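Trainee: A predicted structure for the sequence below; I have some questions about it.
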Amino acid sequence: MAQSRSPRKSVPAAIGAAVLVLVGGYFGIDFATDSGAKSASEASSSATAITASSPAHKPSTARSPKTEPTAAGGFPSCPLSSLPAQAEDTAADILAGGPFEHPDNDNVRFGNYEGTLPRQSRNYYREYTVDTPGINHRGAKRIVTGGGTETDPEVWYYTDDHYESFCAIPDAEY
């Protein structure tokens, strides 16, 4: 006599299988082939290759940051002249006290939640958008200033990857 399975026991099994497939997919495990799991480095290099070849991630600019030897604080130095031309416009706006292209987002506190910049008091850093031609949103480029006053900051940083990395701008106050 064949025993039939209770529907109540099938639901947890189905949910468990779905979770297993999702977790396997996240870690790059292909259950449909005999090759088994990809190693973490293979999965990572595949994702990196896709990201690196995608033009949507890095819009081209006429000038890209040219870093120089490490500045104080361990950040590479990137003179203003090595940054996109729009960074010079943003720096001029900062020194003039505005107006800013994105008034709701510029000259506001930068929280440094990523912890990439040196740890400072809560209101030490301020951020400003560096426009990227050809896109219809703020993009990833920013100037972050710190200390001093809003029109005379002590430190200047530039990021073109939305706070993942920074370089110090040594000559922003021309």
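Mentor: That came in fine, so what should we check first? Residues are numbered from 1 along each chain as shown.

Trainee: domains for this protein, by residue range?
Mentor: Using automatic domain parsing, the domain ranges for the chain come out as 7-53, 68-168.

Trainee: ranking these by mean pLDDT, which is last?
Mentor: Among the domains of the chain, domain 7-53 has the lowest mean pLDDT, at a mean of 47.

Trainee: Pro170 reaches Phe75, doesn't it?
Mentor: No: counting by CB atoms under 8 Å, Pro170 sits too far from Phe75 to count as a contact (10.0 Å). For glycine as for every other residue, the C-beta is placed from the backbone atoms N, C-alpha and C.

Trainee: The two - which one has more neighbours?
Mentor: Of the pair Pro170 and Phe75, Phe75 is the one with more neighbours under other CB atoms under 10 Å, namely 20 against 15.

Trainee: Would you agree the more buried one is in contact with Thr159?
Mentor: No: applying CB under 8 Å, one finds Phe75 not in contact with Thr159, separated by 10.5 Å.

Trainee: between these two, what contacts are shared?
Mentor: Phe166, Cys167 (CB atoms under 8 Å, 6 or more residues apart in numbering).

Trainee: who does the host helix or strand of Arg126 pair up with?
Mentor: Arg126 is part of strand 125-129 when elements are defined by DSSP states H and E. Looking at strand 125-129 with DSSP bridges, its partner strands are strand 108-109 (antiparallel), strand 142-146 (antiparallel).

Trainee: Give me the contact list for it.
Mentor: In contact with strand 125-129 (CB under 8 Å, 6+ apart) are residues 90, 93-94, 100-102, 105-112, 117, 138-139, 141-146, 150, 153.

Trainee: any chance you could map the strands in this structure?
Mentor: Remark: strands assigned in the chain by DSSP state E are 68-70, 76-77, 108-109, 125-129, 142-146, 155-159, 167-168.

Trainee: Out of these, flag the one nearest Pro84.
Mentor: strand 155-159 (9.2 Å; CB to CB).

Trainee: For the closest one, buried residues please.
Mentor: Residues of strand 155-159 classed as buried by neighbour count (16 or more other CB atoms under 10 Å): Val155, Trp156, Tyr157, Tyr158, Thr159.
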